[in-house]
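Trainee: take a look and give me a structure for this.
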Amino acid sequence: LWVIIFPEGTRIPANKRGRYKLGGAVLAKETGYPIVPVAHNAGSFWPRKGFFIRPGVIKVVIGPMIQNTSHSAEDLRVETENWIETQMQVLEGRTGPAELVVR
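Mentor: Model (predicted):
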């Protein structure tokens with residue numbers, strides 16, 4: 001069984017940072033399952049509250065599993081948020097691809 005959780009709860013405008021919620025990290029901590037973070041740039045082509053979809057290439061980065069054996073739920077949330085936001089900087093062209101972080 002796979003569970004997908006959007007940690008910001010809703011779509012966020014491109015180049016903006018939302019507030020990451022704790023629920024997904026709590027679920028992972030309580031069940032003992034790892035988190036597999038995912039980052040994508042779909043918001044650059046299909047904007048929040050936007051009617052028109054712009055053409056372009058949507059890039060998806062699937063991260064390494066974040067094990068939760070020695071973390072608190074808050075530590076898991078912070079580690080996941082940091083990984084996703086680092087990837088978003090690259091996907092949205094705010095930093096070069098040499099800075100792409102993969103553990």
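Trainee: tell me where this structure has helices.
Mentor: Secondary structure of the chain by DSSP state H: the helices cover 23-31, 73-91.
Trainee: got JSON lines for the ones you listed, with distance to Trp2 too?
Mentor: Bear in mind the C-beta positions are built from the backbone N, C-alpha and C, glycine included. JSON lines is the format used below for the helices of the chain (distance: least, Cβ to Cβ, whole Å):
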{"stretch": "helix 23-31", "distance to Trp2": "12"}
{"stretch": "helix 73-91", "distance to Trp2": "16"}
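Trainee: how about those helices, which one is nearest Lys59?
Mentor: helix 73-91 (5.4 Å; Cβ to Cβ).
Trainee: neighbours around the residue nearest to Val38 when sequence neighbours are not counted, how many?
Mentor: Closest residue in space to Val38, ignoring its immediate chain neighbours: Ile62 at 5.4 Å, by Cβ to Cβ, 6 or more residues apart in numbering. Close neighbours of Ile62, defined as other Cβ atoms under 10 Å, add up to 11.
Trainee: right, I'll call it a day here.
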